[in-house]
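[1] Quick one: sequence and predicted model below, then my questions.
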Amino acid sequence: MSPRLFTLDEARAVLAHVRAVVERLVESRADQLAATARFVELRAAAAGNGHAGERERAAEAAQAAEEAGGRIEAALAELADIGVVVKSIDAGLVDFPSLREGEEVYLCWQLGEDDIRFYHGPADGFAGRKPI
């Protein structure tokens, strides 16, 4: 578990900020995947026909993927600084380490949810979410 433990109130107090960072994270990941796919496509086209235009666009796509990767790293670092544990970048799934009745748990939140309403044990994961 992370060294920081959140109460439910503390997790809810930072949720708006966490939501904004997770939105950037998910968007940057989608950008990275799209740029990487474009790079692969353009690189194959350039190899097949040798056109400089495809090579230039492939280089631009590679640069875009790299820039998106930098944004992902920055968002992950920001979430780590807050004390949030990222469980899935693509799904926008994060956990807030907490204690419940003296036991270590995670307060679980996913992008699209309006509030933190679930928790699970460290070994249970998303499938083991229970209502708070």
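    That came through fine.

[2] Give me the most central residue, this structure.
    Centroid-nearest residue in the chain: Ile89, 2.7 Å away (criterion: Cα atoms, centre = their mean).

[3] isn't that one right next to Glu23, touching?
    No. Taking contacts as Cβ atoms under 8 Å, Ile89 lies outside contact range of Glu23: 11.8 Å. Just so you know, the C-beta spots here come from the backbone N, C-alpha and C atoms, and that holds for glycine as well.

[4] quick one on the thing from earlier: how close does the residue nearest to the centre of the chain sit to Ile116?
    Counting by Cβ to Cβ, to the nearest Å, the gap from Ile89 to Ile116 is 19 Å.

[5] With Ile72 instead?
    Here the criterion is Cβ to Cβ. By it, Ile72 lies 23 Å from Ile116.

[6] Report the distance from whichever strand or helix holds Ser98 to the chain centre.
    With secondary structure defined by DSSP states H and E, Ser98 is part of strand 93-100. Between the centre of strand 93-100 and the centre of its host chain there is 15 Å, according to Cα atoms, centre = their mean, to the nearest Å.

[7] what mean pLDDT does the helix or strand following that strand have?
    Later in the chain than strand 93-100, the nearest helix or strand by DSSP H and E is strand 103-110. Strand 103-110 shows a mean pLDDT of 96.

[8] Then stretch 4-18?
    97.

[9] Under the pLDDT cut-off, which ranges of this structure? List them.
    Where the chain drops to pLDDT under 70, the residues are 1-2, 48-52.

[10] what ranges do the strands span in it?
    If you assign secondary structure with DSSP state E, the strands in the chain sit at 85-88, 93-100, 103-110, 118-120, 130-131.

[11] Need those in TSV (columns: mean neighbour count).
    What follows is the strands of the chain, written out as TSV (neighbours: other Cβ atoms under 10 Å):
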stretch	mean neighbour count
strand 85-88	15
strand 93-100	21
strand 103-110	20
strand 118-120	19
strand 130-131	10
